[in-house]
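# Coordinates only, no sequence provided:
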């Protein structure tokens, strides 16, 4: 486990905008409670509460990854409107203590869904 710091900064902030995720013509997530996670020089990732996501359209997969700063990530496939996107969503079920704020949130790969809209 590594801690964020000057050599690898990570910030988590409340996103003041409404965030909507669409896939196959359906709204998959719609929230005013998103978090924006900015990690080092990577593009910012929006984390959306599960409560604001249509979890019935997501299916857990066996895929997993590890981040030395956030912990172990699990993945979901989206299925809607006759389409599917494998491993398009990730979540840190039990993130490391420094990233505890993202527990219970989901993030979507922008290139595997139709759109992430902030308004």
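It's in. Everything quoted here is computed from the prediction, not taken from an experiment. Numbers count the residues shown, from 1 in each chain.

# partners of the most centrally placed residue in the chain in the sheet?
For the chain, the residue nearest the mean C-alpha position is residue 107 (0.9 Å; CA atoms, centre = their mean). Assessed by DSSP bridges, residue 107 has beta-bridge partners residue 47, residue 90.

# Now do the same contact list for it.
37, 45-48, 89-91 (CB atoms under 8 Å, 6 or more residues apart in numbering). In this view, the C-beta of every residue, glycine as well, is placed from N, C-alpha and C.

# just residue 20 next, same as before
Contacts of residue 20 (CB under 8 Å, 6+ apart): 27, 29-31, 115-117, 119.

# what's the helix or strand for it?
Residue 20 is located in strand 19-23, with elements delineated by DSSP states H and E.

# Identify the residue nearest residue 4 in space, chain neighbours excluded?
residue 10 (3.9 Å; CB to CB, 6 or more residues apart in numbering).

# Do I have it right that residue 28 meets residue 21?
Yes. The criterion here is CB atoms under 8 Å, and residue 28 meets it with residue 21 at 4.6 Å.

# can you list residues touching both of these two?
Common neighbours of residue 28 and residue 21 (CB under 8 Å, 6+ apart) are 53, 108, 113.

# isn't the last one right up against residue 25?
The reference is to residue 113. No. Using CB under 8 Å, residue 113 makes no contact with residue 25, being 11.5 Å away.

# These two - which one has more neighbours?
Neighbour count, other CB atoms under 10 Å: between residue 113 and residue 25, residue 113 has more, with 19 against 10.
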